[in-house]
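I'll drop the sequence and a predicted model, then ask my questions.
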Amino acid sequence: MEQLKRADSLRACGETFDRSSGLGGSDIAAIVGLSPYRSAFDVWAEKVGHPSANPKDSLHLRFGTHLEPFVASEYERLTGNQTHVFDELLRHPIHPHLFGHVDRLVTDEGQPCVDSRGVITANTVLECKTASAFMQAEWGERWSDQVPAAYLAQCIWYMSLSGCEQSHIAVLIGNSDLRIYCIRRDVELEQTLVEAALKFWDEHVITGVPPSPKSRDEALRLFPVASSTKEILADAGMLEKLRQLKRLQNGLTKINEESEQLKDEITCAMGDAERITYGGETVATWRNVKPSVRMDVARIRRERPDLIVDYTLKTAPTRRFVLEGI
């Protein structure tokens, strides 16, 4: 256990590191399909430097980082524990390309988080989170382990790197409700995540072969240009999906037609009235919208074709899916 918890065996060399050189705590949930924000394809694109890689920086992430000290101080106030900023990069003792940064380590008041030999003596990892009030239902009872799956995976990952026996999550929900949760160490779950990460790294990052796309957006990012000479033969499963899609589209067409017919009947009854009311409340409006100003492109193309050439932007290629003959 002491060997697992030795900080010097887990730290990266130097003060900086390249995220593309391994998998971190923010990657693992996406790899195993538990993140609502990122997918395994997103992780792959970032690690291999694919042109479609999405930037990880966002206002939400910056806001969470900004509030991290406040959430940590509130955690200390509520628990009486002491938190420690731990800037060292933790690396797996056997697989150094598996790493992570914890938000804080936790000890009793006045106790250090590492000893003179560099051994992590803290027994608890603290993760500081913020959440929208609309996400409150995803969080269970205080001090339980009922937390969003992505955060659960992240905590399990950090315990596997640090050797700590538990993780606490302090979350500020809706900027008004601070809750604390506790996840106990589970070595079997740790091994499951480590094996998934190693498999992903070896099969996709090292080889450069992407994981199978799970959405049309991912497929478009991977294959932005269609090959006019290429086709695939539909099997029974594909044919049924195409027929099901056709039925759904026909249903939507019928719904849209009925919707437009009702709009026609209602607006004809309104005449020049701006609104319909019932019981003193407005239930529908048919207002004039502000007139728009548009460029007469056809006229410019006829009279000043030089401007069209100078100020025309070529958009990136895209693909449009159309059902035909099904």
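That came in fine, so what should we check first?

the residue nearest the centre of the chain and residue 54, how far apart?
In the chain, the centroid-proximal residue (C-alpha atoms, centre = their mean) is residue 37; its distance is 1.4 Å. Residue 37 sits at a distance of 10 Å from residue 54 (criterion: C-beta to C-beta, to the nearest Å). (Each C-beta comes from the backbone N, C-alpha and C, glycine too.)

give me the common contacts of the two.
Any residue near both residue 37 and residue 54 by C-beta atoms under 8 Å, 6 or more residues apart in numbering counts here, and not one turns up.

part of a strand, is residue 130?
Yes. Applying DSSP: H, G, I helix; E, B strand; the rest coil, one finds residue 130 inside a strand.

in this protein, which spans are strands?
Listed in chain order, the strands of the chain (DSSP state E) span residues 82-84, 90-91, 99-100, 104-107, 124-131, 166-173, 177-184, 275-278, 281-285.

is it possible to export those strands to CSV including distance to residue 203?
Listed next are these as CSV, based on distance: least, C-beta to C-beta, whole Å:
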stretch, distance to residue 203
strand 82-84, 37
strand 90-91, 21
strand 99-100, 19
strand 104-107, 33
strand 124-131, 29
strand 166-173, 29
strand 177-184, 28
strand 275-278, 60
strand 281-285, 56
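
for residue 252, find the nearest of those.
Ranking those by proximity to residue 252 (C-beta to C-beta) places strand 281-285 first, at 22.7 Å.

pairing partners for the closest one, with directions?
Here strand 281-285 is paired, per DSSP bridges, with strand 275-278 (antiparallel).

just the CA trace of the strand it pairs with, in PDB.
Only the C-alpha atoms of strand 275-278 are listed here, as PDB (Å, rounded to 0.1, in the frame of the first residue of the first chain):
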ATOM      1  CA  ARG A 275     -54.000  38.700 -29.900                       C
ATOM      2  CA  ILE A 276     -56.400  36.200 -28.600                       C
ATOM      3  CA  THR A 277     -57.300  36.300 -24.900                       C
ATOM      4  CA  TYR A 278     -59.100  34.000 -22.500                       C
END
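
so how far is it off the chain centroid?
Computed by C-alpha atoms, centre = their mean, to the nearest Å, the chain-centroid distance of strand 275-278 equals 43 Å.

so what touches it?
Residues from elsewhere that reach strand 275-278 (C-beta under 8 Å, 6+ apart): 266, 270, 282-287.

at 6 Å what do you get?
282-285 (C-beta atoms under 6 Å, 6 or more residues apart in numbering).

can you pull the domain assignment for the chain?
With domains defined by automatic domain parsing, the chain comprises 7-222, 236-310.

output these in TSV; the columns should cover distance to residue 326.
Below are the domains of the chain laid out as TSV (distance: least, C-beta to C-beta, whole Å):
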stretch	distance to residue 326
domain 7-222	18
domain 236-310	5
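
please identify the deepest-packed of the ones you listed.
Neighbour counts (mean count of other C-beta atoms under 10 Å) averaged over each of those peak at domain 7-222, with a mean of 17.

show me how far that domain is from its chain's centre.
Distance of domain 7-222 from its chain centroid, counting by C-alpha atoms, centre = their mean, is 13 Å.

next: stretch 241-249.
30 Å.

ok, now stretch 295-312?
Here the centre of stretch 295-312 is set off from its chain's centre by 42 Å, with C-alpha atoms, centre = their mean.

so how far is residue 162 from the closest residue to residue 98 other than its chain neighbours?
Spatially, and ignoring its direct neighbours in sequence, residue 98 is nearest to residue 92 (4.0 Å; C-beta to C-beta, 6 or more residues apart in numbering). For residue 92, the distance to residue 162 equals 10 Å [C-beta to C-beta].

with residue 61 instead?
Residue 61 is 22 Å from residue 162, by C-beta to C-beta.

with residue 130 instead?
To residue 162, residue 130 is 23 Å away according to C-beta to C-beta.

please apply the same query to residue 109.
Using C-beta to C-beta, one gets 20 Å for the distance from residue 109 to residue 162.

what does residue 145 give?
Taking C-beta to C-beta, one finds residue 145 at 18 Å from residue 162.

go on, residue 81?
Per C-beta to C-beta, residue 81 is found 16 Å from residue 162.

could you do residue 150 as well?
Using C-beta to C-beta, residue 150 is found at 19 Å from residue 162.

cool, and residue 263?
For residue 263 relative to residue 162 (C-beta to C-beta), the value is 61 Å.

please apply the same query to residue 59.
Remark: distance between residue 59 and residue 162 (C-beta to C-beta) = 29 Å.

what of residue 211?
For residue 211, the distance to residue 162 (C-beta to C-beta) stands at 28 Å.

before we move on, what about residue 306?
Residue 306 sits 65 Å away from residue 162, going by C-beta to C-beta.

just residue 156 next, same as before
11 Å.

for residue 111, same thing?
Separation of residue 111 from residue 162 (C-beta to C-beta) stands at 16 Å.

so how far is the lengthiest helix in the chain from its chain's centroid?
Using DSSP state H to define each element, the chain has its longest helix at helix 236-270. The chain centre lies 32 Å from the centre of helix 236-270; the measure is C-alpha atoms, centre = their mean.
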